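[1] Next one to model:
(one chain, ligands or ions: 1)
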Amino acid sequence: MATVAAIQMSSGRDVGANLAAAEAGLRAAQAGGAQLAVLPENFALMADSPSSRLRHAETDDGGPIQDALAYLSRTLSLWIVAGTIALRSRDPAKVRSACLVFDDRGERVARYDKIHLFDVDLGPGERYAESDAFEAGDTVVTVATPWGRLGLAICYDLRFPELFRALLDAGVEIVALPAAFTVPTGAAHWEVLVRARAIENSCYIVASAQGGRHDNGRATFGHSLIVDPWGAVLAERPEGPGIVTAQIDRASVAAVRRRLPSVMHRRL
Ligand SMILES: O=C(O)CNC(=O)[C@H](CS)NC(=O)CCC(=O)C(=O)O
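    Numbers count the residues shown, from 1 in each chain. Model (predicted):
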């Protein structure tokens, strides 16, 4: 059994302010008994320009944002899924959107680079070309935790069930999903997709979201969710910064997979 937290944020252009808000959320999660906390996509920076994003991008070896998270995970004895951080890519004009996991001793134990990039034109004011600034990852990532195998997926990845099948094949019982969904697509699709991925893979999903208005003019949908392997919403935060927590238990994953063994009935 573990208590997990999804931290909802409304990050802006100021890395120092965003890190202070992330720290406040992590401390509140730990004070509420959480052993694992998930930060949202772009928690440390919702960049308002490509140059700002590149300036704050860190290397795989570390940097000030990674140092802060290692310090917090160690001092709070808290596993942290660090939403996404921009890490330098081979192409100097682009970055990788990386989800890093720190264990409760401050060791970085996993890195997942967002595979599916959001190149979508939703109409005036909602045109996204993520691949202009980001390089796609190509590797499915899971990591063992004391509470079960944890898989990583980011935001738009939610729309690709084959990624979640690959995570299932790798043995996941919990998926962390940092996100920054748009308001119109979030309202139409977010909850149904999170619950569908949880139901079809009989796993927990801890989905932490950006929710609010940002310095770069964007608005995000929020609605951070913790969903159990049966698809029940254990916790939800509709709007604004804050945290939600829930209890997870790997025995529930096994129980659901016994009761309704669809993950054992695959034919393709
Ligand atoms: O560009 C940045 O600064 C941060 N990146 C994001 O916020 C990413 C890419 S634009 N957002 C999504 O993937 C939204 C997906 C979504 O909303 C959907 O699938 O409907």
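
[2] Can you get me a residue count around the nearest residue to Met1 once chain neighbours are set aside?
    Leaving aside its chain neighbours, Met1 sits nearest to Asp249 (4.9 Å; criterion: CB to CB, 6 or more residues apart in numbering). Where you see a C-beta, it was placed from the backbone N, CA and C, and this is true even at glycine. Asp249: 16 surrounding residues under other CB atoms under 10 Å.

[3] Flag every buried residue along the helix ranked longest in the chain.
    When the chain is parsed with DSSP state H, its longest helix is helix 15-31. Buried residues in helix 15-31, counted by 16 or more other CB atoms under 10 Å: 15, 18-19, 21-22, 25-30.

[4] cool, stretch 102-113 as well?
    Neighbour-count burial for stretch 102-113, with 16+ other CB under 10 Å as criterion, is recorded at 102-104, 106, 108, 110-113.

[5] Redo those residues as CSV? Include secondary structure.
    What follows is the buried residues of stretch 102-113, written out as CSV (DSSP: H, G, I helix; E, B strand; the rest coil):
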residue, secondary structure
Phe102, strand
Asp103, coil
Asp104, coil
Gly106, coil
Arg108, strand
Ala110, strand
Arg111, strand
Tyr112, strand
Asp113, strand
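
[6] can you narrow those residues to ones near the ligand?
    For the ligand, no contacts are drawn from the buried residues of stretch 102-113 by CB under 6 Å from any ligand atom.

[7] what sits against the closest residue to the ligand within the stretch 1-150 of the chain?
    Going by CB to the nearest ligand atom, the ligand is nearest to Phe118 of the stretch 1-150 of the chain, at 3.5 Å. With contact taken as CB atoms under 8 Å, 6 or more residues apart in numbering, Phe118 is in contact with 128, 130, 155-156.
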